[in-house]
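Engineer: no FASTA, just this:
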């Protein structure tokens, strides 16, 4: 089973997370987006938080969409010490699946002494994780807790009209129970 989402679904979900961040009195100095899945959620979040977005490229899946043994850094932040030390940083990705990428990225960011580091994901899959969130991380924002299924994000769609139709079909199934 696949869980299809539209851009409207994503926008509404990010807005709800931004409201929770505000209610929690977390005021990040900057957003770090994990590419490629975190780019669009981070950009939408920026509409509500108005913060600088930095990006990192982490590759965890191979060309056959199978997890590699360890994540690989493809792109990192220039002048990282200057940009992160003493700052409140919000790390953004689309999904917390195995947690391996999140753990890797969080541990790398913690090396640069941010004042506080928090996590925001659109979806947290309810399953056993291979990775863990370091104990220094006290804030974790997930838009939705979902079962372990394939999530079809609109930015991965080849046919956006079909994506929208499938997203609407998801909603009809949810309503009819």
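Structural biologist: Cool, the structure landed. As the structure is a computational prediction, the values presented were derived from the model and not from experiment.
Engineer: how about the helix or strand harbouring residue 166: buried residues?
Structural biologist: Assigned by DSSP states H and E, residue 166 belongs to helix 160-176. If you call a residue buried by 16 or more other CB atoms under 10 Å, then helix 160-176 has these buried ones: 163, 164, 166, 167, 170. C-beta: built from backbone N, CA, C; applies to glycine.
Engineer: what does that helix rub up against?
Structural biologist: Outside helix 160-176, the residues that touch it by CB atoms under 8 Å, 6 or more residues apart in numbering are 2, 3, 4, 5, 6, 9, 152, 154, 157.
Engineer: now the fifth one: how far from residue 166?
Structural biologist: With distances defined as CB to CB, to the nearest Å, the gap from residue 6 to residue 166 amounts to 9 Å.
Engineer: same thing with the last one?
Structural biologist: Using CB to CB, one obtains 9 Å as the distance from residue 157 to residue 166.
Engineer: circling back: so which of the contacts of helix 160-176 comes closest to residue 125?
Structural biologist: Closest approach to residue 125 among the contacts of helix 160-176 (CB to CB): residue 3, at 10.1 Å.
Engineer: can I assume that closest one sits in a helix?
Structural biologist: No: applying DSSP: H, G, I helix; E, B strand; the rest coil, one finds residue 3 to be strand, outside a helix.
Engineer: Quick one: residues contacting it.
Structural biologist: Contacts of residue 3 by CB under 8 Å, 6+ apart are 146, 149, 150, 151, 152, 170.
Engineer: Hmm, residue 4 and the third one touching each other?
Structural biologist: No: between residue 150 and residue 4 no contact is recorded; they are 9.6 Å apart, counting by CB atoms under 8 Å.
Engineer: When these two are compared, which one has more neighbours?
Structural biologist: For residue 150 versus residue 4, neighbours defined as other CB atoms under 10 Å are more numerous around residue 4 (21 against 8).
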